[in-house]
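1. I would like the atomic coordinates for the input below:
(chains A and B)
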Amino acid sequence: MLRFLLGRLGLLIPTFIGVTFVAFTFIRLLPGDPAELLAGERGISPERKAEVMKQLGFDKPYWQQYLDYILGIFQGDLGTSFSSKKPVLDEFMTLFPATAELALCAIILAVCIGIPAGIFAAVKRGSIADQAIMGTALVGYSMPIFWWGLLLIILFSGVLQWTPVSGRISLLYFFPQVTGFMLIDSLLSGEKGAFLSAVRHLILPSIVLATIPLAVIARQTRSAMLEVLGEDYVRTARAKGLAPRSVIGLHALRNALIPVVTTIGLQVGVLLGGAILTETIFSWPGIGKWLFDSISRRDYFVVQGGLLLIAGIVMLVNLIVDVLYGLINPRIRHN
Amino acid sequence: MTNTSPASSADADKVQAASRSATWANLAEFWYYFSRNKGAVIGLIIFIALVAIAVLSPWISPHDPDMQYRDSFLVPPFWEEGGKSTFILGTDAVGRDILSRLMHGAAYSLWIGVIVVSISLSVGIVTGLIAGYAGGAVDTFIMRLMDIILAFPALLLALVLVAILGPGLTNAMIAIALVLQPHFVRLTRAAVLSERSRDYVVAARLAGSGHIRLMFKTILPNCLAPLIVQATLSFSNAILDAAALGFLGMGAQPPASEWGTMLAEAREFILSAWWVVTFPGLAILITVIAINLVGDGLRDALDPKLKRS
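-> Numbers count the residues shown, from 1 in each chain, chains lettered A, B, ... in the order given. This is a model prediction of the structure:
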């Protein structure tokens, strides 16, 4: 197991170095003048520009800038945001809980509905229920989620007025951040109605972000279940008279879930990409919206740091899934 | 080939005829399995209809898509109160006919799909063939490069690339092609690795085939099935991603009638004029569903494992 883990880690190192290089190079290819952006003035004097470039370290040769950047990463220094003048890592840590809360709710929703729906469709293969579930999954899988978000706003915020249009909680409530997770913080605050307000703000964005993972998980669960249900050991279990419920629950599901775990892990990239769209539509103050705004305003160090942190999260989750997969399935580990 | 004897040329003709009839038989078998999937056939019909609309839109659309009717701002669809029969799906905030814009927009979406898939498929196949065929350090280098691309969420990477290249439809297509391409590289490489040591490849190598011939003429045709399925998937992903970039203001620029861009322009009216938001998104959804249905059908028809069952 240790060898397997070390092997996977060894593969990650060159990829991580590549990611740092990509993030570093990309922001230097972005059009625009960082000095003008930082100074906040157009047509600044050459002396002032040289001073700003020096302050940013942009006057050094590229290899040295890259080296400084790598050394900075190890010290937790990802540079400073041009617009807020705060360290990139601090901003990320403040905003990340908002995205994490949204993404967690979305993935819980996707797993809790997707897996049972997939199992049900597989067990009732060919029935109307199966066709309805798979048809719905196809629609979900094909959904332009930014439009889906707008439709839900029209219906639930506009026509029915059940949910708010944007933000994480009503402005009426004010309490200190403890965990950064609004659902938990609102409960801790003890303010009446705060928790309900947080839930109502969270519901639509979670549904929107969950849509594609939900459809993918349902499809994957169904096809994995179908494959397993045709195996000899399932037939044996049935033949010896086990109740259908325990055949499916005990024998089939356990084996079918192995590929589903990988699929769930792979959704992290989808969720973080989807967060850009979802957070923009619902004005959700998370890292998706933060990065998109920073790309638009050419906030160099935020883009550079954000790219690195997001790729880091994706790689870390993929590693965890790989290891989990190796734990559940010894065949992978020994290959 | 002046010294070919009549007998051998007749043989060659026979071989050609046999291979032609085998191709037809393969196509017929493919259609048999494809058409058993009703959803796939429906998807194909919708897709053909969309292509027809896209091609014929200059002649069949009721209005010029960019014409602004100054007396008809935000007219609702004809069945709603205040609707006009000349604007079946209503007009947008500057008085342009939505139906005509949607019809012209079909051409954008289909072009995006065709171009993105062509770029990512061809680059991906060549890169994957090289990685799988060469092996060793070349393979490791290429695959780590693909890992780097895959470490970023596709939309985020596409956004940054477009920011570098400059907003616009062409650059959006290049960016999307780049982020979709690793899937083709991985698939091609995996297929090449499993085919490389097969007897027919060894035989072709012993018969004196060069590297290029071995890669493209011997191995590649036998790896096509998963690539075709992935290409359909990427076609729908390309349309979705391009629409998302358009929606974020980084793809096709106004006044282009690209569906995502239309949605971006419509955003401020979501609570006052539902039709400007609803129809462009519905067009994207229907197109993507149709292509995914075709993709599912292709997978069923091309997957030998499913055929046997």
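2. for residue A:139, give me phi and psi.
-> Torsion angles at residue A:139 (phi, psi; degrees, to the nearest 10) stand at phi -60, psi -50.
3. ok, it - contacts?
-> A:215, B:285, B:289 (CB atoms under 8 Å, 6 or more residues apart in numbering or on different chains). For every residue, glycine as well, the C-beta is placed using N, CA and C.
4. list the contacts of the residue of the stretch 101-250 of chain B at minimum distance from chain A.
-> Nearest residue of the stretch 101-250 of chain B to chain A, counting by CB to the nearest CB: residue B:153, 3.3 Å away. Under the criterion of CB under 8 Å, 6+ apart, the neighbours of residue B:153 are A:269, A:270, A:272, A:273, A:276, A:310, A:314.
5. next: residue B:151.
-> Going by CB under 8 Å, 6+ apart, the list of residues near residue B:151 reads A:15, A:19, A:311, A:314, A:315.
6. for the one helix or strand residue A:114 maps to, buried residues please.
-> For residue A:114, the host element (DSSP states H and E) is helix A:88-123. Neighbour-count burial for helix A:88-123, counted by 16 or more other CB atoms under 10 Å in any protein chain shown, picks out A:88-89, A:91-92, A:95-103, A:105-107, A:109-111, A:114-115, A:117-123.
7. helices or strands next to that helix in the packing?
-> For helix A:88-123, the packing partners by 3 or more CB pairs under 8 Å, 6 or more residues apart in numbering or on different chains; DSSP states H and E come out as helix A:128-141, helix A:182-189, helix A:194-229, helix A:253-281, helix A:287-297, helix A:300-328.
8. quick one: that helix to helix A:287-297, angle?
-> Using axes from the mean of the first three to the mean of the last three CA atoms, to 10 degrees, the inter-axis angle of helix A:88-123 relative to helix A:287-297 is 130 degrees.
9. helix, strand, or coil at residue B:164?
-> helix (DSSP: H, G, I helix; E, B strand; the rest coil).
10. surely it touches residue A:30?
-> Yes: using CB atoms under 8 Å, residue B:164 is in contact with residue A:30, at 5.6 Å.
11. show me the shaky parts of chain B.
-> The model of chain B has pLDDT under 70 over residues B:1-8, B:304-309.
12. got TSV for the contacts of residue B:153, with distance to chain B too?
-> TSV is the format used below for the contacts of residue B:153 (distance: CB to the nearest CB, whole Å):
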residue	distance to chain B
A:269	5
A:270	7
A:272	5
A:273	3
A:276	6
A:310	6
A:314	5
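13. derive a ChimeraX selection command for the buried subset of those.
-> Here is the ChimeraX command that selects the buried residues among those (16+ other CB under 10 Å):
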select /A:269,270,272,273,276,310,314
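14. quick one: which of the contacts of residue B:153 is nearest to residue B:200?
-> Nearest to residue B:200 among those: residue A:269, at 37.8 Å, using CB to CB.
15. tell me, what's the model's pLDDT at that closest one?
-> Listed pLDDT for residue A:269 reads 84.
16. circling back to that earlier point, of all the contacts of residue B:153, the one with the weakest confidence?
-> pLDDT across these is lowest for residue A:269, at 84.
17. so that one sits against residue B:156, correct?
-> No: shown here, residue A:269 and residue B:156 do not form a contact pair, counting by CB under 8 Å, at 9.0 Å.
18. on that earlier part again, now the two most distant members of the contacts of residue B:151.
-> So, the contacts of residue B:151 by CB to CB: farthest apart are A:15 and A:314, at 10.4 Å.
19. still on that earlier bit, residues contacting the closest residue to the residue of the stretch 101-250 of chain B closest to chain A other than its chain neighbours?
-> Distances taken as CB to CB, 6 or more residues apart in numbering or on different chains put residue A:273 closest to residue B:153, at 3.3 Å, once the chain neighbours are dropped. When contacts are counted by CB under 8 Å, 6+ apart, residue A:273 touches B:153, B:154, B:155, B:156.
20. what about the strands in the stretch 101-250 of chain B?
-> Using DSSP state E, counting those that start in this stretch, the stretch 101-250 of chain B contains no strands.
21. what does it have sitting close to chain A?
-> Proximity of the stretch 101-250 of chain B to chain A (CB under 8 Å from any CB of the partner chain) is limited to residues B:144-145, B:147-148, B:150-156, B:159-161, B:163-164, B:166, B:236, B:240, B:243-244, B:247-248.
22. could you redo the last one with a cut-off of 7 Å?
-> B:144, B:147-148, B:151-156, B:159-160, B:163-164, B:236, B:240, B:243-244, B:247-248 (CB under 7 Å from any CB of the partner chain).
23. sort out for me which of these are in helices.
-> B:144, B:147-148, B:151, B:154-156, B:159-160, B:163-164, B:236, B:240, B:243-244, B:247 (DSSP state H).
24. residues contacting the nearest residue to residue A:286 once chain neighbours are set aside?
-> Excluding the flanking residues, the one nearest residue A:286 by CB to CB, 6+ apart is residue A:99, at 3.5 Å. Residues in contact with residue A:99, defined by CB atoms under 7 Å, 6 or more residues apart in numbering or on different chains, are A:275, A:286, A:287, A:288.
25. how does it look with 6 Å?
-> Going by CB atoms under 6 Å, 6 or more residues apart in numbering or on different chains, residue A:99 touches A:275, A:286, A:287.
26. of those, closest to chain B?
-> Of the contacts of residue A:99, the one sitting nearest to chain B (CB to the nearest CB) turns out to be residue A:275, at 8.4 Å.
27. who's the closest spatial neighbour of that closest one, skipping the chain neighbours?
-> Excluding the flanking residues, the one nearest residue A:275 by CB to CB, 6+ apart is residue A:288, at 3.4 Å.
28. same question for residue B:255.
-> Nearest non-adjacent residue to residue B:255 (CB to CB, 6+ apart): residue B:66, at 5.7 Å.
29. and the contacts of residue B:153 as a markdown table, adding distance to residue B:256?
-> Shown next, in a markdown table, are the contacts of residue B:153 (distance: CB to CB, whole Å):
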| residue | distance to residue B:256 |
| --- | --- |
| A:269 | 29 |
| A:270 | 27 |
| A:272 | 29 |
| A:273 | 24 |
| A:276 | 22 |
| A:310 | 30 |
| A:314 | 32 |
